[in-house]
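[1] Have a look; sequence and predicted model below, questions after that.
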Amino acid sequence: MRAMEEYGLYIGGEWAFTAEQFEVENPANGEIIARCAIAREGEVDRAVGAARRAFPDWSERSFDERGELLAAVAAGLERRLEELAALEARETGRPIKEALAHDLPATIGLFRYFAGVAPAIFGETIPVPGEYLNYTRREPVGVVAGITPWNFPLWLGAIKIAPALAAGNTVVMKPASLTPLTTLELAKIMEEAGLPPGVFNVVTGPGARTGQLLAAHPGVDKVAFTGETLTGTKIMECAARNITRVSLELGGKSPNIVFADCDFEKALSFTLLSIFFAQGQMCTAGSRLLVERKIHEEFVAALVERASRIKIGDPLDPGTEFGPLASRAQREKVERYVARALEEGAHLLLGGKRPRGAEFEKGYYFEPTIFDNVKNDQAIAREEIFGPVLAVIEFEGEEEAIALANDTDYGLAAGIWTNDLAKAHRVAHRVRAGKIWINCYNIFPPGAPFGGFKRSGFGRELGLHSLLDLYTEVKDIQVDLGREYFDWFV
Ligand code: NAD
């Protein structure tokens, strides 16, 4: 390896450096923290080739052997937890507090979970007519290309890598260009853990070049993608050329429904978390707060008061609760939506601007923002902003709440707040989204499936659903047990 701040591509267990590079910036201060290689056609080809060559040996290893290696990866991550949390805070701009409390422990938990659960991959014996034995086997798909966004680089990578490897696939990762460093560090941990060369590879570079080359590569058997809905359509087009399997975790515009009979304080606290964790740059952000008329005024007033106390600052300060947005472009996008919301008549209650102060000048900071009196047909209620902008919409009664919740192109997640048990389940059943949280929000146990309805994508990550449905193929075997001679053409 060269100096820490210069990263190559990790292909077949070796680091490959390229003449063409891109820079990675710390969004808190604009400082360049690393240079990374750009993989072109030749390098993408080599990475896929390395993964193909490693596949036969890796797929034939026992679950125990693969599980032990994945557990060693978890241990490696744990040993470097603080260093990786700091690196993630530097590349994403998210507070180190979040990386230490969530991203790293959740990533480690994923490797542990899939290391242990892999033996759950087994087939079925199917009763069939005649003297036959019929059974199925679940076999690994082959070479998996993982393409990930910039907001939770390690965790969203691990959601794909851990089950794919546990099931016996080999992997080529393409992390987002804004935040590739933790995935490249993960490659070092994989190597230290003893993963055979080629089982795990990382290529970096722009999505429209490197990502597209990978998604369209005929040697890739499966593309596991997380990112924007529009990019998802391009991934499908690329994959269609080779009938490559795809799973898509895309955008969201999730409703967080607060009924008047909720636990007020708990709903308040999780509502803040639902929209301001990761500066709102989260696919499941509860960006549409639906509040029942009876408590609307009181709830929103309390929310504004609490949100105005969120501590904005340097992501590396352990006391910081809210860092900068991930890039200049991301902040400009948020600012465009704020201007549009004002034009459309939404009522700005908090934020809507950059924070003042010398410490914020070089970074892409933007204040937690709350709009009230939003109509569900306005842009801030329909389009994914991917930033700290909450649209508050009032409703009256269960039917209107459900209608508003479902009046969206997306279907990733929803929150429901009520102490009426039957109502909570009734609403949960009728909201068209892949993940429903009742009286909680943004909880992702490794064993519970996660994924979208509608334009939020398809396929379920996490749990046995991902292990079995995303990373194995079903093979059916029919065995003759009869003693009769069979000759069709006599
Ligand atoms: P993005 O779609 O711009 O990029 C995601 C990845 O795809 C990056 O690695 C990028 O380089 C690559 N890419 C871009 N164009 C490509 C192309 N033409 N072919 C192949 N690869 C290409 O998304 P982003 O801006 O990095 O992330 C934000 C988006 O991700 C939001 O829409 C958010 O909702 C979504 N997201 C979804 C989930 C989920 O689980 N559903 C989780 C996190 C983020």
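    Now that the structure is in, tell me what you want to look at.

[2] Report the buried residues of stretch 367-387.
    Using 16 or more other CB atoms under 10 Å as the test for burial, stretch 367-387 gives 367-374, 376, 378-387. Quick note: C-beta positions are derived from backbone N, CA and C, even for glycine.

[3] mind listing which of these are in helices?
    Residues of the buried residues of stretch 367-387 located in helices (DSSP state H): 379-382.

[4] which of the residues you listed lies closest to the ligand?
    Taking CB to the nearest ligand atom as the measure, Arg382 is the one of these closest to the ligand, at 13.9 Å.

[5] Leu273 contacts Asn442, doesn't it?
    Yes - with contact defined as CB atoms under 8 Å, Leu273 counts as touching Asn442 (6.2 Å).

[6] Could you list the low-pLDDT ranges of the chain?
    When the per-residue scores of the chain are filtered using pLDDT under 70, the ranges that remain are 1-4.

[7] Give me every residue in the stretch 51-200 of the chain lying close to the ligand.
    Those residues of the stretch 51-200 of the chain that sit near the ligand, judged by CB under 6 Å from any ligand atom, are 147-151, 156, 174-177.

[8] Need those in CSV (columns: secondary structure).
    Output for those, formatted as CSV (DSSP: H, G, I helix; E, B strand; the rest coil):
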residue, secondary structure
Ile147, strand
Thr148, coil
Pro149, coil
Trp150, coil
Asn151, coil
Leu156, helix
Lys174, strand
Pro175, coil
Ala176, coil
Ser177, coil
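
[9] which of the residues you listed tops the neighbour count?
    Each of those was scored for neighbours by other CB atoms under 10 Å, and Lys174 scores highest at 30 neighbours.

[10] so what's it up against?
    By CB atoms under 8 Å, 6 or more residues apart in numbering, Lys174 lies in contact with 145-148, 202-205, 207, 210-211, 214.

[11] The residue nearest to Leu289 when sequence neighbours are not counted - how many residues pack around it?
    Nearest non-adjacent residue to Leu289, counting by CB to CB, 6 or more residues apart in numbering: Val392, 4.8 Å away. With neighbours defined by other CB under 10 Å, the count for Val392 comes to 25.

[12] end-to-end on stretch 480-490?
    Distance between the two ends of stretch 480-490: 20 Å, counting by CA to CA, to the nearest Å.

[13] Please give me every residue in contact with whatever residue of the stretch 51-200 of the chain ends up closest to the ligand.
    Using CB to the nearest ligand atom, the single residue of the stretch 51-200 of the chain nearest to the ligand is Pro149, 2.9 Å away. For Pro149, the contact set (CB under 8 Å, 6+ apart) comprises 156, 176, 226-228.

[14] and if we set it to 7 Å?
    Contact partners of Pro149, counting by CB atoms under 7 Å, 6 or more residues apart in numbering, are 156, 176, 226-227.

[15] now do Phe22
    With contacts defined as CB under 7 Å, 6+ apart, the neighbours of Phe22 are 36, 38, 177.

[16] try Pro196
    54, 57-58.

[17] Columns neighbour count and secondary structure on top of those, output as TSV?
    Converted to TSV, the contacts of Pro196 look like this (neighbours: other CB atoms under 10 Å; DSSP: H, G, I helix; E, B strand; the rest coil):
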residue	neighbour count	secondary structure
Ala54	22	helix
Asp57	12	helix
Trp58	23	helix
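
[18] So for Ile436, what's the nearest residue that isn't a sequence neighbour?
    In space, Ile436 comes closest to Ala428 once its chain neighbours are excluded; the distance is 4.5 Å by CB to CB, 6+ apart.

[19] Touching, the one you found and Trp437? I think so.
    No - with the criterion set as CB atoms under 7 Å, Ala428 and Trp437 do not qualify as a contacting pair; they are 9.1 Å apart.

[20] and these two? which has more neighbours close in?
    In terms of neighbours (other CB under 10 Å), Trp437 is the more surrounded of Ala428 and Trp437; the figures are 21 against 15.

[21] Who does the more buried one form a beta bridge with?
    Beta-bridge partners recorded for Trp437 (DSSP bridges): Gly415.

[22] What separation do you get for it and the ligand?
    Taking CB to the nearest ligand atom, to the nearest Å as the criterion, Trp437 is separated from the ligand by 15 Å.

[23] And Ala37, by the same measure?
    Looking at Ala37 against the ligand, where the rule is CB to the nearest ligand atom, the gap reads 14 Å.

[24] Could you find the closest non-adjacent residue to that residue?
    Of all residues not flanking Ala37 in the chain, Thr18 sits nearest, at 4.1 Å (CB to CB, 6+ apart).

[25] From what I see, the one you found and Ile38 are in contact.
    Yes - under the criterion of CB under 7 Å, Thr18 is in contact with Ile38, at a separation of 5.8 Å.

[26] got any residues that touch both of those two?
    With CB under 7 Å, 6+ apart, Thr18 and Ile38 have no common neighbours.

[27] How about the contacts made by the residue nearest to Ala37?
    Residues in contact with Thr18, defined by CB under 7 Å, 6+ apart, are 37-38, 43.

[28] Under a three-state scheme, what state does it occupy?
    For Thr18, the reduced secondary structure class is coil; criterion used: three-state DSSP.

[29] I'd like to know how many residues surround the residue nearest to Lys454 when sequence neighbours are not counted.
    Among residues not flanking Lys454 along the chain, Gly411 sits closest, at 3.8 Å (CB to CB, 6+ apart). Counted with other CB under 10 Å, the burial measure for Gly411 works out to 24 neighbours.

[30] any idea how far Gly411 lies from Val338?
    Look at Gly411 and Val338: by CB to CB, to the nearest Å, they are 25 Å apart.

[31] Next, the closest residue to Phe386 other than its chain neighbours: phi, psi?
    Closest residue in space to Phe386, ignoring its immediate chain neighbours: Gln281 at 5.3 Å, by CB to CB, 6+ apart. In this entry, Gln281 is assigned phi and psi values of phi -90, psi 60 (degrees, to the nearest 10).
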